[in-house]
Every structure is written in C-alpha cells, then in structure tokens.
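> The sequence and its predicted three-dimensional model are supplied below.
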Amino acid sequence: MLTIENLAVAYKGIMALRGVSLSVAKGEIFTLIGPNGAGKSTMLNAASGIVPAMSGRILFDGEPIQGRAAHLIARAGLIQVPEGRRVISPLTVAENLALGREAAGRRGSEASDIDEVYELFPILAERRNQLSGQLSGGQQQMLAIGRALMGKPRILLLDEPSLGLAPVIVREVFDALIRLNRGGLTILLVEQNAKLALQTAHNAAVIEQGRIVHQGAASDLIDDPVVADHYFGRAEVMA
Amino acid sequence: FAETATIGVMNAMTGPYAFGGVPIQNAMKLAIEQANASGALGDLKLEVVEGDTAGDKGQTITLVSKFAQSDNALMIIGPTTSIEGTAGAPVANELKVPIMAIGSSTGILDAGPYSFKVQAVGSDIMGALSDYVANNMGAKKISIVFDRGNDGFVGQKDAFKKKIEEAGVEIVSEEGILATDTDFLALATKLASQEIDAFFVAAPAEVGANFLLQTRQAGVPMDIRFVGPSTFATPAFVDTAQGAAEGSIVLADYFMGSPDEANQAFVKAYQDKYGSQPDNWAAMGYALASLAVEAIKDAGPNPDREKVKDALSNLKDEPTIIGNHTWSMDEGRNPHYGAAILLVKDGAFELAPQ
Amino acid sequence: MLMQQLLNGVVVGSVYGLFALGFTLIFGVNHIMNMAHGAVFMWGAFAGLYAVILFDVPFPIALLIGAVGGGMVSVVLDWVAFRPLRKRGAPEFSSIVSSIGASLIMLSLAQQLTATRVMRFPFDIFPIVVFNFMGLRIQLLQLIIVGIVFLMVIGLLYYLYRTKYGRHIRSVAFSEQTSKLLGINPFAVNFQLFFLSGALAGIAGVLIGIVFNSVHFMMGEPLLLRAFVVIILGGLGSIPGALIAGLLIGIIQTLTVAYISAGMADALVFSLLFLVLLVRPTGLLGNSGAVARVTRI
Amino acid sequence: MKALVLEDLARNFGGLPAVDGIRLEAPAGRITGLIGPNGAGKTTVVNMITGLLKVTRGRIKFGDDDVTEADATQLARIGIARTFQNIRLISDATVLENVVAGFHRHETTGTFANLFGLPSAQRERRALEDKAMILLEQFGMTGLARHPAGGLSYGHQRRIEMMRALAMDPALLLLDEPVAGMNDSEAHSLADIFRNVARRGVAILLIEHNMRFVMSLCDHIYVLASGRLIAEGTPDAVGRDPRVIEAYLGA
Amino acid sequence: MMSFFHSYTPLFELALFNTLLAFSQYVVLRAGVFSLGTAAFAAIGAYVAAIVVTTYGLPFWIGIVLAIAIGAMVGALVAIPLARLRGVFQALATLALVQIVLSITLNWVDVTNGALGINSIPKTVGLVGLLIAVAIVTYFMAAIGSSSIGRAFDVIREDETVAVSLGISVVKHHFIAFVLSGAIAGLAGALHSYNSYSITPNEYGFNMLVIVLAMVVLGGRVSIWGPIVGAVILTVLPELLRGFQEYRTVVQGALLMASIIYLPRGVADTLIGAYRRRRIAEETSRMRETVTA
Ligand SMILES: Nc1ncnc2c1ncn2[C@@H]1O[C@H](COP(=O)(O)OP(=O)(O)OP(=O)(O)O)[C@@H](O)[C@H]1O
Ligand SMILES: Nc1ncnc2c1ncn2[C@@H]1O[C@H](COP(=O)(O)OP(=O)(O)OP(=O)(O)O)[C@@H](O)[C@H]1O
Ligand SMILES: [Mg+2]
Ligand SMILES: [Mg+2]
C-alpha cells in the first residue's frame, strides 16, 4: 500500500535519510524502530509530503506521491499523527476533532463519528470544550490520535504514539490500534517502546543513521539478539 | 566651440511634497533650455544635473554635496521645501557653492552668503491679504486652519495671524491639521457652529479644497468666505472644490491669467512641453531659474561660483513672471515682488474688486 | 453641537473600525503587522474611483469593485510578500520589512499613476441628501456607511466562528504544517483570509474616498497609525473589539477637535493608549490569552 | 543539603481541582518518583514548585525555607532546576549555547564588567563553555555542540533540556518525563548520570511514564490520580498496589 | 577619488547616524523587548543637544553628555511601566511614546520652535566624530553581546518561561535594554543635531521608526553586524538607485522585499548562519568518515 524506494532526504546539507526502501502491505502493521536521530520522523514526514525528498520514490497505492502537496496526500487517506502532539492550542478539543474531519474530504461522506473517538478516550469527551493547549501532555497525545482517526485514514502513520502516555493508556491505544487494524486499517508505526511495537506489528525495520539495517517479520526481529541488545535488552537488566 | 557650466537642479520629485517638486523641476528645466536656445548666455551652455530629494533632509544634504563636489556645479537651484532648504543651505555655504532655493523660511538665508531664495517671507505678502480681509471685506471675526506639519504653512499662518490681529480682527480659533488628513468632519462642524465672517486656511491646494468642501457640507454658508495664501492660486483648487470655492479670496504671488507678455509666453511654453497648465509651483520654479540664468549672465563671461554668488547678491528690480512682475531683494537678501488678490468667480480666478 | 459632533464621531469611528478590521484579521491570525494595509486600502479606493471615472458605474458597483480590487491586491500582496516568507519558516519580524517594501512599491506606483494629484469621486456618485433631524444634519451617505460597517462586522463574526472556514483559518494560523497533515489547504485558507482583509480595506477606501472627497496615494498612512491604536484597545484579533475601539477613538478624536484643538487629537489618543496599556496591559477589551500568543513575536 | 517538602498543596483551574491537597517529600541525595495517569496533575505540581503557577492552597518548603510565595527567578537562583515536558529550547542557538544558558545563576562577573567587556567577563565565558563541554561529553553529544538545537531529533532535544538543568548545578532537580521518546537502552544510559547526580546530594523528583526507568531508579514513589495522592512507597510496593495497577499501570 | 569621497561624506555621516539608531533598536529587540521608542529617544537627545547649544550657549560636549544621560533616564522611566507589557502591546505603547514626543516637539513652540524646528545649530560633529561614536557603541554592543547580559537577552527573547526557570531576571534585563536603547538613541540624536545644522520634529516620527526597525530586521537581529549592515544598506540604497529616477522607490521596495525573502533572518544573520552550517556539515562528514574508517 505504501512503498518507499531508495528515499534520500537532506536538511540544508545534512543527510537524514540515505537511500531507504521499505514496503507496507495493505492491512498490516509495520513498525520502524531506531535510535534518536536515526531519521524515523523524517521518513514519515517525507511520506506525508511536508519534507521534500531529495531522491527516490514514494508510492501510495501504486501512485507516486512525492512532490504532491501535503494536504492532498492527507486527503488521499495517508494521515499522520505527528511527533510531540501538535494539537491546535487555541482551538477546543471538539474543534480539533472537527478539523480532523477535513482530511476525509471527498472520501468522507460517512466520516468517522466523533463518538467513536470519545469512546476510545473518554477524557476527551469530558474536556470537549476546553482549549486543547490547556490539556495535560498525555491528553494532548490522545487528542492527536483521535483527530487523525476522524479523517478516516486508509493508512495511519504514527510517530511515537506512546509518548507521554500512562502505561494503562498505552495499552489501550495499542489495543485500539490492533482493533482498527483488524478492521482493515493499515498502520505504519514509529515507536521507541521497541518491544511493545514489535509485539504489535507484523513486519518491522530497524533504521540507524539514515539507513535500514534490519528488516523482516516482527517476530523474527524480537528474537534477534542484536536488536534486543540495542533496543530493549539492557532494559531487562535494568528492571 | 562652446563652454559649458553645470547647474544642479534638485527638488522633491517623489514623496509627500512631489506635488510641488515635480512642476518646479519641470519649469526650471524649461527656463534653462530656453536660456540655452536663445543664446542669452553667449557661448556658454548650461548643462543640467538632476536630483530627487524625496522631501528628505538627508538626501538633500547628500545631493548638495554631490552636485558641488562630484559634478562641480556652478550653482544649485532648488530644493522645494524650507525643511530641505534649511538643511541643504549650510552645506552649500560650507562648500562655497551658490544655492537658490524655493522655500519661504529665512533659515535658508541665515546659513551664509551663498544661499538665496526666491519666495518672499510670509509676512511680506500676507500684509496685502490681511489688509483686504480686514478692510475691503470688513471681516471682524475669523478662524484659522493650517497644516502644522509643514513649516512653510506654519510660517504663512504666523505672518497672516500677526497682520490680521494688528488690523483689529478677532481670531476665534486656530487649528492645526496635517496634509495627510482627509477627515475634516469634526473641524467643519466646529466652524459651522462659530460666528465668523471668514476663515483662513494655509495648506496644500487639494487639502484646503477638500476642507472647504466639507465645511460647506457641514453647513458653513457661502457668505462665510474662504481666504487662502498663494498655494490656492491654482486651477487644482477650483477643480477640486468646484462650487464650494465660489467667492474665495486667494492671495497670488503668481496669477496665470496675467496678460504680461513674459507670463503668457511661459504659460504657452509650459503647456506645449508638459501638456498641463502651470501652477503656482511651476511659476516659482521658472522665476527662480530665470533669475539664476540672469545672475550667471551677469557673472560672465567666465563665471565661477564666487562671481555667480556676487551676481546673485546684486540682483535688483529684475523682471519676473510672479507677483507684480518685478523681483528685488532687501539688504537681508529677502525677496520682494508684491502680490495680487484674486477672487474665485464662476469657477475661475479674477482680480478681486478693490 | 455636541450631538452633531458625536454623530460625526460615530461615522468616522465606524470607518476606522472597518479599516482596522482587515488589519486585525491578518494580525490576529497570522501575526503579521501588515504595514502595507494602508496601501491596500488606497488601491481599493482607486479601483472604485477608476471604475466610476472610466465606466461611470453607480455607487453600489463602485463599492463592489473597491472590495474586489482591495481583495485582489491583498491576495497578491500575500503571494509576493508573505507567502515566500512562510515557506521559509522566516521569523515573524521579517514580514514587517517585507510589507514595508511592498508598501513602498504600491505607494509609488499610485503616485506615478496619479502624478501625485489628489483625485476625487464625481460629485454625482452619491446624491447629497441631508436630513435635518432635531437640529442635526445627517447625511444619507453617513447613515449608509454606519449600516455597512455594522453588517460587515456581523457577517465576519459569523464567518469566523460559525463556519468551518473560520476553524480552518485559526488552525492554519497556529500551525501551517500540522494543518496540512490534517488535509487543510493552507493556500486556499490564506487566499480567503487576505481577500477578506483586502476587501474590507477596499470598501473602507471607497467609502472614505466618497465621504471625504479625496482619493490620493498617501490616504492610507494616517489610518494605519490609527488602526494600531484600534486593534490594541479593542483586543488583538477581536472583531467586535475593533469596531468598538474604532468608534471610541472616532468619538474621542472628534470631541477633542471640537472642544480642545485639532492639533491635540493625535496626542490625546496616543496618551490615552499609553495610559490604558499601563492599567490594562492587554488593552481595554483584550484577554490575557492573547498576550501569551503574542509574546514570542 | 536541602529536601523538598510539599504540604497540602492544591491548585484549581477554574472549577477544576488539578492538584487537590498533596503531601510529598523529596529528600536530598535521593531520587523520588512521581507517577500517575495523564492529567493527574504532575506537571502542575512542578509548575507550582518552580513558581510558574501560583498555588491555590498549601505550602512548599525547600530546606528550612518556605518558598510558597517566591517567584520563579528567585527559586531558580536558590538552586531549583527543571526540565520541560514540552521541550523548550532556543532553537536558533547552538546546543552549546543552550547549555551555557543554564550556568546563569553561577555567573559572578558584575554588570559593569559585562557592559565594558572587561577581561574577567571574557574569561568567564570561556570557562563556562569548557564546563558545558564536559556535560556534553557525559551525554554523548560532543559532536553536536555547534548544531542549532532546533534541527535535532526529539531525543537529542530532550538531552539538551537535561544538560541545561544540570548546568544550574541544582540542589533540587525536577525532571518532567526526561526520557520520553527514548528507547530503553538510551534511557538506561541516562540513568547512571542521574544516579551520580543524586549521589552528590541533590534531591531529584522524577516524573516519567517509562515504568522500567522509574522502577529501576527511584527510592520512593508517589502516585497521583485526579490531583490526589493514591499511593506511595517503594517501587515494589507501589507496583503491587491494586489501586495503582487499576488507575495507572493496567493489568 | 578624493572628490568622490568628499562628495559622499554626508552620506557616510548619515549611514553612521543610522547605525547608531539601529543599535538602539537592536539592543531592545535582542532582549525580546519590542520597543519602537528609538525615534522618541533620538528626538529627545536631538532637542536637548540643540537647546543646550543654541539657547544656553554651552559647549557641545555638554550637550552630548546631557543627551545620553537624559536618553538613558527616559529609557529607565518608561522601562518601569512597560515592564508589564509584552510583544505588540509594548510596541504600541512605545509607538504612542513616539507620537507623544512628536506632539510635544510640534506644540511646545516656546522651547522647540514647533514645526519650524531649531535652525542654525553650529556644526561641531563631523565624520570623524561620528566614526568614533559608532566605534565606541559597537565595542559596547560586542562586549555586551558576548557577556552574561547578552546570553540572558537571548534566552529572554526566545522564551521567558525558560529564562525565569534558569534564574534570569526578566525585569532587570529589560531595564538594562531600555536604558541602553535610550542612551544610544540620545547620543545619536545629539550627534545628528550637531552634524546637520537644523532639526525638525517630523524627522523623528513614524517614518524614522519604520526605517530604523527595517534596518535591524533587514540586517539581522542577533549578531552585532546586523544593525551595521542594515543601516548601511538602507542609507546607501536610495542613492545607488538614483538612476531609476521616478521608479527609484519601486526598485527600492522590490529590493527590500527580495532581500528579506531570500535572507529572512536578515542579511548578516543569514550569512553567518550559512557559514556556520557549512562548517558543521564539513565537521559532520569528517566525523562520519572517522566512524566508518
Ligand atoms: N528541521 C530540521 N533541520 C535540520 N536537521 C534536522 C531537522 N529535522 C531533523 N533533522 C536531522 O535529521 C536527522 C534525523 O532526524 P529525525 O527527527 O528524523 O530522527 P528520529 O529518528 O525521528 O529521532 P527521535 O527518535 O529522536 O525522534 C537528525 O540528525 C536531525 O538532526
Ligand atoms: N492552564 C490550564 N487551564 C485549565 N486546565 C488546565 C491547565 N493546565 C492544566 N490543566 C488541567 O489540569 C490537569 C492536570 O494537568 P497536568 O498537566 O498537571 O497533568 P499531568 O499529570 O502532567 O499529565 P501528563 O502525564 O499527561 O503530562 C489536566 O486535566 C489539565 O487538563
Ligand atoms: Mg522522531
Ligand atoms: Mg505532564
């Protein structure tokens, strides 16, 4: 559904991605893990069209989308939950969710119901008229996820969705992601909680310094001693 | 083989004073062209370097210094406003290059012996106007409105005020406006509520015309007359104010309708060249440049700055198109040329009945 | 005279409000101090004026053409002066310089075009109908101006707070990038915003041009200065605030001219602004939330 | 060495009691945990301690001083440092410059010397940069010293937050989700740094949702929910508390 | 060559005067104070200096010292009430200050001679004097910029919350910024009066405020080169464009826009930034190489 071929991205002369290729199949959860500064967010942003690709191709449903305006990509159904929340602070919770609907655009005659989101995150229903900038960090994260769901994505790109969420909520969010995935939603997940991500995903890739260093079935990677050592192995020792 | 001498010509060609600077510059160039063509200067040809002061002090100073030093100008004519003039004159004196400016402020002359100006100080000609208002019109109470952002108009206002008070007329109110204002509702209503016989306005022609229109709309009757200094002696005033201008009394240091031969020739030449009628500003520029040419001629055959300065100081009883057609200076280098009082009647200026 | 002057104050004040509305719209949304708003206003007035001079159109059409003209000028201004800066993620300050540059261009083109003349609408563009009502002289045109201004304010409020376009405008204002991720087209949103702002200025331009008998290239400058005062007193980005503050300033200025002296009007208004800010750091009608939003200019 | 003590601390937003009378103690030389569901009021507590929010009720004591009414600048000057949950850096400035800013309270050159650019001011600047480089080395960011902070990845920006707070050489360090956005091994490499800081006698209050990190680092943990304290104790005890499991950890 | 230099002396002088004004504006902007008061402070300095010499016949250096002192004092006085304001509110309050000072100079005719301004001020300051003044102020700016005060300014400008959390006193530093701004503008005003023979109120109005702000933003708000570069560009540009005649202003506006669009952080800051980035890129690639090796 989403294919990235030989993608390279540079910021003012600094190479962030140096030719990565990966492919997310329809209906799967694909996870991307890697250390800080590896280029994970850059990859999602390139797919969403807010960071220009220097070379390579990005195909969505077989159609090349690099160079296309970001809002059109979102309207085509590729929706991102950006890193670090980014709620529209001066708008209320309900208004933020309503904004999420715009992405559904022409596709959205039966755009996702706000009630589904409220069911997933009841606190948002309670705070529907609060300015979103006043929410706690975790509440903002919930709002960001909920807002993306309002756009009826065909593929959902999540950049560290567990960021700042309480463990119990993290579990709920991941359960919800699995539910949505079973309902047919394709998901590309960037996550620092590598173990949880690999447990959730079907396929996975590890990215380091702008290059993909491992790729394969998530269950294989979880058992790979190098990956374990780099991304959660020491944590076992720590706990 | 013809020698040439360079004349620096500078005016506010852009910016808020361009309404005056442009016609002045046009007329100055016309006068110099005519001098070259007529051979009045013998073998000497005048070459013009032009500059735009943009109505700005800093740019004026830069230009004076550039004309004097880079272009080696024999003399400088312009700039337009007193603000520019008082800034440029000291530099010209320092560099010992004669400069003849338009402005009415005596600050230009105070800068030193190299600076001259063509316009009379306000008090000199305002006497005629105040006299007319107090005696011929028999006004007892008047109000004054002036452009407080321009020292030229402030000077005219001060001069008129002094003279009219001396003539025993009561001043009911005195109000400052700005040339960029367009909203005179409040002031017009205020005038409408006053018991006055006339009101004096010192401002650019269109601004004054607009003010006049708004006073009439606010209910100031036609028999309360508009009185203005020479800026209003231009067709633009009547064109803008139309019917509201009827009966206005305007002082003119230049009257386009004057049958004087030199004046008629000027009007025709200006119209042929620039496609519009000359106004008060154009006349000032033409008069100034003609005087400069005269001085250069007097300084001949090999004029230098020193000689031109002396010749300028000696100008006396020169024929001119402005005022009563004779231009002189007193010992303080203050010009005198008399003035006419005009009346707007049927949409045109005519000499006011005495 | 007091009643008459109050009436004058309302007329002038509602025009200040109309002018300031377009200014505060862009300021409140994009944090751009649009120093070229006065020039947009002037071009709007010229659009209306030339339509009348060249095609002899009636008053309502002139108003419409002024609105469209101002709107288009404003949109082009955005494309040329502000959009490139947004694309580069430039600091908000740079838009001030950019708009100063744009303003220089627009003013000087108008100056060339009109040869610095002061122009005016033909006398017959709007019949001078004067009602005498309890000793007051009320012109029909003045009534219409006040009416138009109030209608515009109500319409604008509805548009910004009751339609999805308003939500989009506020979203794009906060973060263009996040809005794009949500499928909102910032290009279209900014088009609307600048068109609206310019159209308001254009309408104000035509109205002022007619009622004050003069259209010239510097006509926007004094209004720009006053618009600053209006938006501060009225609260940043607040639409009813702009109208109320506009009226307030119009009335204060008028009364100052009437009872003190014309030269003191500006001094008084600015002293008042200074004092108000000392007592209420966010303006008369401003809320403190606005401060948080603007501290990082 | 000073300890932080909160007594019956409360804060309302409009009608909402975001923090509703909590008691807490963060002793010197120890790492104290503060956990709880999203919106429990943790960040609000930090904002009150650092003087960015006025308290509605209760007292804040630091050592022997009551600092409830002190303003933010004073509090920073007596050695209370923090990191921000929503990263706040000077994005245009370099990493080094961001860290050097943290030394402000230790700068000794007077206004006069600064205004006139006396050599003492120059010497101090160089000395601070050297000290900052030592911090950068600890966090493995030497190579990024001259990068503008705004262009760094999320995880690296978090590290700058921490270095800047440490540069203050605080007596009390408040960490609001310091390792958010880092994987476990990255978090682990930071754990040692904080242990060492605590060992020097600094009181640390740690807010974090990464339970493995919290559990391995804290001596004592407070659990907040809806603005109230629902549990406290050793990591083990808290981790087993059924109320904590229900409200926060999940089954 | 010499005559070329001579004929442009006034232009150099103007550029130096503008540089001083730009520094006055720069110092407040750097501290995150959006003050537009420079024009007001400069007006006060200019009038104090002019009156000291013309009315009281005192030597010009007394005028300069007084202008600096009074400028600084007025800066300090407004700093106190304005400390509570932020952003545009601060900008507008200081704009009001400019308008109020302008009204005073226009209306207090007995002292200021109203719209006519003060004329025949003896010229006592020339190119050399201005150069010395600019050199001294530049030195101060550089010293402050790299000192603790400059660092505090930078943090306050970017994020006041962070600043107070680091123990930086916003009030104190805003005060310092206002006083410096007032003193520098006061000096600039005084030098201008002693350099240009005459002063008039309208020189110190909205136009000056706009152009001075433009200088700093165009030049750059962070490095001390910014105000210098901006002042020189905006002073020299109108002269360079004389060839365009009546389209001069159009070209000037277009250049202004083009330069800010292509160098959005200001000419100096953008260039310095680009240079730094290149160095970093080189460093990084060197590091990468050593890693792979
Ligand atoms: N706006 C930017 N300007 C300059 N460089 C950038 C920018 N954004 C990212 N980079 C650089 O690109 C590289 C990859 O960054 P990216 O944000 O994609 O990392 P990441 O894998 O998402 O890290 P994290 O886990 O910390 O979020 C980093 O070296 C970073 O410094
Ligand atoms: N300025 C404010 N106005 C109104 N409500 C606020 C404001 N700030 C915080 N709140 C509310 O107070 C509660 C506590 O917020 P706080 O940020 O302290 O939570 P937290 O414990 O830090 O949560 P998280 O783990 O998600 O960061 C939340 O419900 C939040 O919505
Ligand atoms: Mg990332
Ligand atoms: Mg929090």
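Perfect, I can see it now. Ligands and ions are numbered 1, 2, ... in the order given.

> rest of the way, CA atoms for contacts and neighbours
Noted.

> for chain D, what spans make up the strands?
For chain D, the strands defined by DSSP state E cover D:4-13, D:16-26, D:31-35, D:57-62, D:65-66, D:80-82, D:172-176, D:203-207, D:220-225, D:228-233.

> Contacts only, for the nearest residue to residue E:126 once chain neighbours are set aside.
For residue E:126, ignoring the flanking residues on the chain, the nearest one in space by C-alpha to C-alpha, 6 or more residues apart in numbering or on different chains is residue E:195 at 6.1 Å. Residues counted as contacts of residue E:195 (C-alpha atoms under 8 Å, 6 or more residues apart in numbering or on different chains) are E:123-126.

> go on, residue A:221?
Applying C-alpha under 8 Å, 6+ apart, the residues contacting residue A:221 are A:198, A:204, A:214-215, A:227-228.

> just the helices in chain C please.
C:2-30, C:37-55, C:59-77, C:83-87, C:92-114, C:140-162, C:164-174, C:176-181, C:186-211, C:220-234, C:239-259, C:265-279, C:288-294 (DSSP state H).

> returning to what we had before: wait, which of the strands of chain D is closest to residue C:151?
Taking C-alpha to C-alpha, strand D:4-13 is the member of those nearest to residue C:151, at 37.4 Å.

> Is that closest one in proximity to ligand 2?
Yes. Strand D:4-13 lies within reach of ligand 2 by C-alpha under 6 Å from any ligand atom, at residue D:13.

> Packing partners of that strand?
If you count contacts as 3 or more C-alpha pairs under 8 Å, 6 or more residues apart in numbering or on different chains; DSSP states H and E, strand D:4-13 packs onto strand D:16-26, strand D:57-62.

> Please find the angle between the direction vectors of the longest one and strand D:228-233.
What it means is strand D:16-26. Note on geometry: by axes from the mean of the first three to the mean of the last three C-alpha atoms, to 10 degrees, strand D:16-26 and strand D:228-233 are set 20 degrees apart in direction.

> cool, and the last one?
Using the same axes, to 10 degrees, the interaxial angle of strand D:57-62 with respect to strand D:228-233 works out to 40 degrees.

> What average pLDDT does strand D:57-62 get?
Taken as a whole, strand D:57-62 carries a mean pLDDT of 92.

> For that strand, C-alpha coordinates in PDB please.
What follows is strand D:57-62, C-alpha atoms only, in PDB (Å, rounded to 0.1, in the frame of the first residue of the first chain):
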ATOM      1  CA  ARG D  57      -3.600  26.200  48.800                       C
ATOM      2  CA  GLY D  58      -0.800  24.600  50.800                       C
ATOM      3  CA  ARG D  59       2.900  25.200  51.400                       C
ATOM      4  CA  ILE D  60       6.100  24.400  49.600                       C
ATOM      5  CA  LYS D  61       9.200  24.100  51.700                       C
ATOM      6  CA  PHE D  62      12.700  23.800  50.500                       C
END
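
> helices and strands around it, which ones?
strand D:4-13.

> quick one: contacts of the strand it packs on?
D:17-28, D:44, D:54-63, D:172, D:203.

> Please enumerate the helices of chain A.
A:40-48, A:70-75, A:93-102, A:114-120, A:122-126, A:137-150, A:167-182, A:194-200, A:218-223, A:225-228, A:234-238.

> Just send the strands of chain D back as TSV, with mean neighbour count too.
As requested, those are exported to TSV (neighbours: other C-alpha atoms under 10 Å in any protein chain shown):
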stretch	mean neighbour count
strand D:4-13	19
strand D:16-26	20
strand D:31-35	27
strand D:57-62	20
strand D:65-66	12
strand D:80-82	28
strand D:172-176	26
strand D:203-207	26
strand D:220-225	24
strand D:228-233	19
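
> and of the ones you listed, who's closest to residue E:99?
Minimum separation from residue E:99 across these (C-alpha to C-alpha) falls at strand D:4-13, 40.7 Å.

> which regions of chain A sit below the pLDDT cut-off?
Across chain A, the ranges flagged by pLDDT under 70 are A:85, A:106-112, A:232-239.

> Can you give the domain ranges for it?
A:1-77+A:153-239, A:81-152 (automatic domain parsing).

> out of those domains, which comes closest to ligand 2?
Closest to ligand 2 of the domains of chain A is domain A:81-152 (C-alpha to the nearest ligand atom; 3.2 Å).

> any idea how far the closest residue to residue E:63 other than its chain neighbours lies from residue E:68?
Sequence neighbours aside, residue E:49 is the residue nearest to residue E:63 in space, at 4.4 Å (criterion: C-alpha to C-alpha, 6+ apart). Using C-alpha to C-alpha, to the nearest Å, residue E:49 is found at 9 Å from residue E:68.
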